[in-house]
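1. return a 3D structure for these sequence lines:
(one chain, ligands or ions: 1)
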Amino acid sequence: MNGTLFQQILDPANRADPYPLYAEMRRTPVSRQDDGSYVVSTHAELYRLLHDPRISSEDLPDPPLFRWTGHPLSDLFVRPVRSRITARHRPFIFRDPPDHDLLRRQVMREFAPARVRAMRRKTEQLTHTLLDGLRDRTNLDLVDDFSYPLPVTVICELLGVPREDEPRFQGWATQLATALEPDRRTDRENAGRTEEAFTAISDYLRGLIKGKRRAPQDDLLSGLAAEHDGERMNDHDLVATAVLLLVAGHETTVNLITNGILTLLRFPEHLERLRREPEVAPRLIEELLRYEPPVHYRTRLARADIAIGGTTIPEGAPVVLLLASGSRDPMRFADPDRFVPDRANNQHFGFGGSLHYCVGAPLARIEAEVALVALAQRLQAPRLLADPPPYRPGASLRGPRHLLLAIDAVA
Ligand code: HEM
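-> Numbers count the residues shown, from 1 in each chain. Model prediction:
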């Protein structure tokens, strides 16, 4: 019965509103699937497993299992990286301690407060430039016209990709993003194009890194390429890390901005409040990360038998952490299906938790804040043209493919 339930969650027909299925799933906090994997759906059990060192992010099984579960990123990274470099050179989201911790520490150092503050100013400029370009419009697809281009441009700024290379970089990013949307009909043809984009972006980054080692600038890639206390990241890890930042920071942010506007248009009193009182943005965004998160689940592997939630996950079993369900668990959140931007003690799983907690969270929060406040203030009389909107097929990175709006103008 429960096996069927998770298949329903994966079914694109249920993408617009998976939350009633999550509520049913939570009746069995840790549920065995027919294929031998386990789905974890309650806040307490998710919290425990996120902090359990016996849960691994390495050596996740290859597709078909994870293709079916829509496991994002594994195709993109594990397969090409396994075949062409070695398993040791996977990006750190797919590595366990101690390698994970070393690489993550190096990246965290580059997300220093001063750099993140500078990114706020740049994000503001980029946001307003994008909106200025939409001045004559009375119809928008918020995804293609705004949410999609913004995060790639921000990541180019962060990494230090020169302006003139941005269009090429955008093209690769768009192609790589298709790997995050498992689609059985087109995967085979698309896989070739994705591998080409992966090779092209890796070659490009290797060249860029060479330049940054010779003549460092004030950007994240120069910082990572430099030596600190005798430590220096090798080229394989640098390329894998740069691609990880691009991929992990792109579609996720697109979905946070798009889900944000969709939710605010469904609850117009909160849109109006954000327009008048932009200082409410930080708490509103935390609630969005709980209520309509961009990342719905992540997968792991049990490294030992783990007794949890009245069952035992056997060693070697894949584990699906249904984070978005944990963030709607009534045992942890009062009135969990209500959007409450002032919610106190909002410990959602929008950025995961523990060891792999999102490195880009401070930047993502800034991007969402800047974008949502600017959209609330500059879109005149926005109306949804389709509700629910069409969704991307992926169940893990969940978000609208288009968000069609009618507006009176862009101020
Ligand atoms: C990890 C969500 C934006 C970089 C994660 C994880 C989540 C997440 C849930 C945990 C993955 C796991 O446990 O397996 C989000 C959301 C974002 C966002 C919702 C936007 C709204 C960004 C941005 C960047 C970024 C902008 C970088 C520029 C990363 C990296 C990791 C990660 C590098 C891996 C951390 C590790 O393995 O230690 N993110 N992310 N993310 N995120 Fe984000």
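
2. what does the stretch 251-400 of the chain put close to the ligand?
-> Contact residues, the stretch 251-400 of the chain versus the ligand (C-beta under 6 Å from any ligand atom): 252-253, 256, 294-295, 298, 350-352, 356, 358-360, 363-364. Any C-beta I mention is one placed from the backbone N, CA and C, and that applies to glycine too.

3. report whether stretch 121-135 contacts the ligand.
-> No: using C-beta under 6 Å from any ligand atom, stretch 121-135 stays clear of the ligand, with a minimum separation of 10.6 Å.

4. for that stretch, buried residues please.
-> For stretch 121-135, the neighbour count (16 or more other C-beta atoms under 10 Å) marks T123, E124, L126, T127, L130, L131, L134 as buried.

5. in helices, which of those fall?
-> In helices, defined here by DSSP state H, the members of these are T123, E124, L126, T127, L130, L131.

6. just give me the closest of the buried residues of stretch 121-135 to the ligand.
-> Relative to the ligand, the closest of the buried residues of stretch 121-135 is T123; by C-beta to the nearest ligand atom it sits at 10.6 Å.

7. in the stretch 51-200 of the chain, what residue is nearest the ligand?
-> For the stretch 51-200 of the chain, C-beta to the nearest ligand atom, closest residue to the ligand: I93, 3.8 Å.

8. burial count for the residue lying closest to that residue once chain neighbours are set aside?
-> Of all residues not flanking I93 in the chain, L244 sits nearest, at 5.9 Å (C-beta to C-beta, 6 or more residues apart in numbering). Neighbour count for L244, taken as other C-beta atoms under 10 Å: 23.

9. that older thread, can you list the buried residues of stretch 121-135 in CSV and add pLDDT and distance to A381?
-> Converted to CSV, those look like this (pLDDT from 0 to 100; distance: C-beta to C-beta, whole Å):
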residue, pLDDT, distance to A381
T123, 97, 25
E124, 97, 23
L126, 96, 25
T127, 98, 20
L130, 97, 20
L131, 98, 15
L134, 97, 15
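
10. tabulate the ones in helices among the buried residues of stretch 121-135 (a markdown table), appending distance to S57.
-> Below are those laid out as a markdown table (distance: C-beta to C-beta, whole Å):
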| residue | distance to S57 |
| --- | --- |
| T123 | 29 |
| E124 | 34 |
| L126 | 32 |
| T127 | 33 |
| L130 | 34 |
| L131 | 38 |
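
11. wait, what's in contact with the residue of the chain found nearest the ligand?
-> Nearest to the ligand in the chain, going by C-beta to the nearest ligand atom, is G360, at a distance of 2.0 Å. By C-beta atoms under 8 Å, 6 or more residues apart in numbering, G360 lies in contact with F111, L245, A248, G249.

12. okay, it: pLDDT?
-> Listed pLDDT for G360 reads 95.

13. next: the one 4 residues further on.
-> Per-residue confidence for A364 comes out at a pLDDT of 97.

14. tally up the residues packed near the nearest residue in space to it that is not next to it in sequence, please.
-> Distances taken as C-beta to C-beta, 6+ apart put T253 closest to A364, at 5.5 Å, once the chain neighbours are dropped. By the measure other C-beta under 10 Å, the count of residues near T253 is 24.

15. host element of T253?
-> helix 235-266 (DSSP states H and E).

16. what angle do helix 235-266 and the following helix or strand past that helix make with each other?
-> Per DSSP H and E, the first helix or strand lying C-terminal to helix 235-266 is helix 268-276. Angle, helix 268-276 to helix 235-266, by axes from the mean of the first three to the mean of the last three C-alpha atoms, to 10 degrees: 120 degrees.

17. which other helices and strands contact helix 268-276?
-> Judged by 3 or more C-beta pairs under 8 Å, 6 or more residues apart in numbering; DSSP states H and E, helix 268-276 is in contact with helix 235-266, helix 281-291, helix 361-378.

18. helix 361-378 and that helix, what's the angle between them?
-> Using the same axes, to 10 degrees: helix 268-276 against helix 361-378 is 100 degrees.

19. which residues are contacting helix 268-276?
-> Taking C-beta under 8 Å, 6+ apart as the rule, helix 268-276 contacts 263-265, 280-281, 284, 339, 341, 372-373, 376-377, 382.
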